[in-house]
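[1] Generate coordinates for the sequence data below:
(chains A and B)
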Amino acid sequence: MAWTKKDLLGLEYLTQEEIELILDTAESFKEVSTREIKKVPALRGKTAVNLFYEPSTRTRVSFEVAAKRLSADVINIATETSSVRKGETLIDTGKNIQALKADIIIMRHNYSGAANMLARALDISVVNAGDGWHEHPTQALLDIFTLKEKLGKIKGLNVAIVGDIAHSRVARSNIWGLTKLGANVTLCAPEMLIPVGIELTGAKTSSNIDEVLKKADAVNVLRMQFERDEGAAFPEQLDYFKKFGITEERLAKAKKDIVVMHPGPINRGIEMSSEVADGANSVILEQVTNGIAVRMAVLFLVSQAKEAKK
Amino acid sequence: MSILIKGGRVIDPANKIDAVFDILIENNKISKVAKNIQTKVETIIDAKGKIVAPGIIDMHVHLREPGREDKETIASGTAAAAKSGVTTVLAMPNTHPAMDCPKSIELLQKIINKDAKVEVLICGAITKGRLGQELTDIAVLKKSGVYAISDDGSSVDNDDLMLEALKKAKQAKVLTICHCEDKKISGKGVINLGFNSTRLGLRGISNESEYKRVKRDIELAEKAGASVHIAHVSCRESVEIIAKAKKKGIKVTAETAPHYFALSEDDIVDYDTNMKINPPLRAKEDVAAIKAGLKDGTIDTIASDHAPHTENEKDIEFDRAEFGKIGLESGLAVSIMELIDKKILSWPELIEKLAVNPAKILGIDKGSLSVGASADIIIVDVEREFILEKKSIVSKSKNSPFIGKKVKGLVEYTIYNGEIVYKS
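    Alright, predicted model coming up:
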């Protein structure tokens, strides 16, 4: 199949085949990063703009590395240095970037739906690098890629996602991606962090971490963000670690080869103990490496779609 | 000016008429309703195959003037009304300044006298500046000519203050209209709380934030012995509460808006900010309850909650966009498609909701085609389908979720006070 979408906004909007195409393409790009000269000319002469409205180091750098390994030129725009502070609208900013003849905007935004809105307004590609609580598709794709690499398949796997599901774009993208590929997803969190109606995605919910871990082939542990301004709805940090933290004791009762993932940055001792983060089951740094291949695949495919349209 | 409307299906529920008649208009008034009127007139309108009905009375319209003339003006808003068969609107008081004192009301009345193409009735504010802190002088507002009071856009949170307002309103014989929302519950929500808010990663607004306030306002009205009108009812629990109160004999009336029976939260597929409305588009079960409430009479009237906003206020991130949509120019067509075509209401029942009942609620001598009544009449080609196009919108703002949609029921003529104010 050929890729036809100019944008990547979320995994909800993709078919199983489209997700598999990204994963397969990433597979072939992974090798590039192991070469002496880590570069292919796939996007030579193209310009990718990192437009980040929220502080982010790892995602931005990962996209930058991915674009550069495809030989694209990369421009970084952070809100602190842009005219956003002067009150320019998102669509105006996007149109200005388009007028500079850039080819792809990679955007991180604090409001849900910002990438959808920008993609509608522009002819150039928009890749969502995380929008509000909505989606973070490349994070989920790299999680799924890593999982598939480790366990050989996705279909039929029991995957647990633990943590603040309600406010997590990583969770939403993972739920869509994993369920479309046939995994059984269980969301594990205090009740107040499970959003209304989430079971309609096909995911199950539980508040018993030990029960969930027993059956899990993999566990994706979300970052707990206690600094968030969502009132008193958040449990105490220490209490959370006691009830939901992933520790060696807990893992001892899980499947021996359970894959432990985390989108980073880790709060050691809050959602996960240091021993687990650095332990044998952890694939956290492999996720970072795979992030490059997955993002190379996404940038390549969306720019192909644009070529096809011309 | 004399006008003779010939051969239309005259629907005048106030007089229990639904038959083919001619209507003669002389000296701004209806002078005769009969078969085959033969007389010399200046204008003859052939209404064969068309529906002839009293002009629509829209109890919930934001005309934005004074203060936000970039969104709408009395001139543009009433032109949009005339085009849509609306001959009377109740203008909401959340202008700048708010309609909270005689001076502001006089200012607005002057603009109305100069620019309005249809009847504009003024709704005064309940509290000064609509801030929910201090009551306006309701008796004085009444003397200045307001037809109702409301803090629309906000609810008066303080129970004692609201009770006091209802008591004063009763003394002054003025209707109180309630925007029912407990902000402590709705918070920073932007769409209905449910699977869609979860899916889109947006903060939700629960039904509870509305119906708890509906319940409170009805209880306070009962205590005060005052009449209360519940604005923009959107959820099933509110419908139940209002039905119970009516059964109990409490003086409560209620309105809903076309978007609450034509759209649901499932229509917000791609962060369309024209679907960002307060109260929000609700779940399918709520839509069904609204339709049932219209059918069984719990909901008395359909009002547009016409809320114009500029593109700058809408073409931005969903969370930052203003709440509200324009509704004057889609109201009748959407009501025909959703209520008549889907057999929820008969034509006479729809005209009751659009003209007869709002006139009764507001206590105005309109909403009928009685001989001697002011000639506010619409002629509608109900079978005529058309696409609601952005470029054909008369309102200054274009924030309609129905743009591009095929609708049915074209207003051919709007006659207000015996004059043709719109002809398609």
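[2] CA only for contacts and neighbour counts going forward, please
    Noted.
[3] Chain B: helices as residue ranges?
    For chain B, the helices defined by DSSP state H occupy B:74-83, B:102-115, B:138-144, B:159-171, B:183-186, B:195-200, B:208-224, B:236-247, B:258-262, B:284-296, B:311-314, B:331-335, B:347-351, B:357-362.
[4] Tabulate those (JSON lines), appending mean neighbour count, distance to B:R320 and mean pLDDT.
    As requested, the helices of chain B are arranged in JSON lines below (neighbours: other Cα atoms under 10 Å in any protein chain shown; distance: least, Cα to Cα, whole Å; pLDDT from 0 to 100):
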{"stretch": "helix B:74-83", "mean neighbour count": "26", "distance to B:R320": "25", "mean pLDDT": "98"}
{"stretch": "helix B:102-115", "mean neighbour count": "16", "distance to B:R320": "30", "mean pLDDT": "98"}
{"stretch": "helix B:138-144", "mean neighbour count": "19", "distance to B:R320": "34", "mean pLDDT": "98"}
{"stretch": "helix B:159-171", "mean neighbour count": "19", "distance to B:R320": "30", "mean pLDDT": "98"}
{"stretch": "helix B:183-186", "mean neighbour count": "16", "distance to B:R320": "16", "mean pLDDT": "96"}
{"stretch": "helix B:195-200", "mean neighbour count": "22", "distance to B:R320": "15", "mean pLDDT": "97"}
{"stretch": "helix B:208-224", "mean neighbour count": "20", "distance to B:R320": "21", "mean pLDDT": "98"}
{"stretch": "helix B:236-247", "mean neighbour count": "19", "distance to B:R320": "28", "mean pLDDT": "98"}
{"stretch": "helix B:258-262", "mean neighbour count": "23", "distance to B:R320": "21", "mean pLDDT": "98"}
{"stretch": "helix B:284-296", "mean neighbour count": "20", "distance to B:R320": "26", "mean pLDDT": "98"}
{"stretch": "helix B:311-314", "mean neighbour count": "15", "distance to B:R320": "8", "mean pLDDT": "95"}
{"stretch": "helix B:331-335", "mean neighbour count": "25", "distance to B:R320": "26", "mean pLDDT": "97"}
{"stretch": "helix B:347-351", "mean neighbour count": "21", "distance to B:R320": "36", "mean pLDDT": "98"}
{"stretch": "helix B:357-362", "mean neighbour count": "20", "distance to B:R320": "34", "mean pLDDT": "98"}
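[5] So which residues on chain A come close to chain B?
    A:89-91, A:111-114, A:116-117, A:132-135, A:166-167, A:169, A:172, A:195-198, A:200 (Cα under 8 Å from any Cα of the partner chain).
[6] Give me the buried entries from those residues.
    Among the residues of chain A next to chain B, those classed as buried by 16 or more other Cα atoms under 10 Å in any protein chain shown are A:89-91, A:111-114, A:116-117, A:132-135, A:166-167, A:169, A:172, A:195-196, A:198.
[7] Just the ones of the residues of chain A next to chain B in strands?
    Counting by DSSP state E, none of the members of the residues of chain A next to chain B fall within strands.
[8] Just the ones of the residues you listed in helices?
    Counting by DSSP H, those place A:90-91, A:114, A:116-117, A:169, A:172 in helices.
[9] Taking those, tell me the two that lie furthest apart.
    The span of those, defined through Cα to Cα, is set by A:I91 and A:R172 at 25.1 Å.
[10] ok, now which ones touch residue 166?
    Just going to use chain A. Residues near A:A166 by Cα atoms under 8 Å, 6 or more residues apart in numbering or on different chains: A:133, A:193-195, B:198.
[11] actually it's chain B I care about, not the one you picked
    Neighbouring residues of B:L166 by Cα under 8 Å, 6+ apart: B:176, B:220-221, B:224, B:226-227.
[12] Closest to chain A out of those?
    Relative to chain A, the closest of the contacts of B:L166 is B:L220; by Cα to the nearest Cα it sits at 30.9 Å.
[13] Skipping its backbone neighbours, what lies nearest the closest one in space?
    B:L163 (5.5 Å; Cα to Cα, 6 or more residues apart in numbering or on different chains).
[14] quick one, helices of the stretch 201-310 of chain A?
    All helices of the stretch 201-310 of chain A, identified by DSSP state H, counting those that start in this stretch, fall at A:209-215, A:237-244, A:248-252, A:274-277, A:284-309.
[15] Of all the ones you listed, which one is nearest A:K180?
    Taking Cα to Cα, helix A:284-309 is the member of the helices of the stretch 201-310 of chain A nearest to A:K180, at 17.7 Å.
[16] per-residue pLDDT, the residue positioned nearest the centre of chain B?
    The centroid of chain B falls nearest to B:A303 when counting by Cα atoms, centre = their mean (2.1 Å). Turning to B:A303, the model gives it a pLDDT of 98.
[17] ditto for A:A78
    83.
[18] Spit out the contact partners of residue 133.
    Just so you know, I chose chain A. Counting by Cα under 8 Å, 6+ apart, A:W133 touches A:111-112, A:166-169, B:200-202.
[19] my bad, chain B
    B:Q133 touches B:127, B:161, counting by Cα under 8 Å, 6+ apart.
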